[in-house]
Structures are given as C-alpha cells and as structure tokens.
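J.: Following is a predicted model, sequence given first.
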Amino acid sequence: MSFFESEIVQQEAKQIFEDYQSLLQLGSKYGQFDREGKKIFIDQMEAMMERYRIFMKRFELSEDFAAKMTVEQLKTHLSQFGMTPQQMFDQMHLTLERMKSEVEKQS
C-alpha cells in the first residue's frame, strides 16, 4: 500500500490541515485576545507545529516513493526562500517564543 493510501495518513493530514486553517483564521484576531487567550493560542500553535513536524518525519522515514517525492518537493519549495525544513521549524519556534515573551511582558 502506498503511503498516501493509508487511511491513518489521510486522516492525520486532513486533521492537521483543518486544525491549521482554523488556527490561522483564529490568529487573525490575535491582537484582540486577552493575555490568557494569547497564551492558549500560542500553546495550540506549538502543538500544531509539533504534530506537523512528526507528520513530516514520517514522510522522511518512509520508503514510499510518493512520500520521498513529497519531502523533496517541500525542500525545493523552501529552498526558493533560502530555507530548509529544519530552518522552517526553527523559525516557527522562534516566532512562537517571541510571542510568548511579548505576552509575558503584558500585565
């Protein structure tokens, strides 16, 4: 069975995409959140990034041709921005850390 034919892979990909879209939509109102709301949003984004990182690691470890091609496509896409997948995750982490720092400064 192909990596992408797995029902588990399909369900997780769908759930990650839907959750990410919801967080992006919610994030457009981030400036209106109170301190606790911002903390919750940041925690949810961190959890989302961790799920995505693990999901991508599955692609990298798979022997499936389509999974390997997906990883290569991501690398090619990110390289257009001068970035590797690890740098992308590092940048996301730094952004969330900055957001946390700003929330902690609020009284």
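T.: That came through, no problem. Residues are numbered from 1 along each chain as shown.
J.: Give me the buried positions along the longest helix belonging to the chain.
T.: Longest helix in the chain by number of residues (criterion: DSSP state H): helix 35-61. Buried residues in helix 35-61, defined by neighbour count with 16 or more other CB atoms under 10 Å: Lys38, Lys39, Phe41, Ile42, Met45, Glu46, Met48, Met49, Tyr52, Met56, Phe59. Where C-beta positions appear, they are placed from N, C-alpha and C, glycine not excepted.
J.: Save these as CSV, and put in pLDDT and distance to Gly82 too.
T.: Formatted as CSV, the buried residues of helix 35-61 follow (pLDDT from 0 to 100; distance: CB to CB, whole Å):
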residue, pLDDT, distance to Gly82
Lys38, 95, 30
Lys39, 95, 32
Phe41, 96, 28
Ile42, 96, 26
Met45, 95, 23
Glu46, 96, 25
Met48, 95, 24
Met49, 94, 20
Tyr52, 93, 20
Met56, 91, 19
Phe59, 90, 22
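J.: ok, those residues vs Thr84, which is closest?
T.: In terms of CB to CB, no member of those lies closer to Thr84 than Met56, at 11.8 Å.
J.: got the contact list for that closest one?
T.: Residues near Met56 by CB atoms under 8 Å, 6 or more residues apart in numbering: Val71, Leu74, Pro85.
J.: what about the chain, any weak spots by pLDDT?
T.: Residues of the chain that meet the criterion pLDDT under 70 lie in 1, 107.
J.: Once you drop chain neighbours, what's closest to the residue nearest to the spatial centre of it?
T.: Residue closest to the average C-alpha location in the chain (CA atoms, centre = their mean): Met49, at 3.4 Å. When the adjacent residues along the chain are set aside, Met49 lies closest to Met92, with 5.2 Å between them (CB to CB, 6 or more residues apart in numbering).
J.: From the contacts of Met56, pick the one nearest Leu96.
T.: So of those, ranked by how close each gets to Leu96 (CB to CB), first place is Pro85, at 16.9 Å.
J.: I'd guessed the closest one sits against Lys75; true?
T.: Yes - applying CB atoms under 8 Å, one finds Pro85 in contact with Lys75, separated by 6.4 Å.
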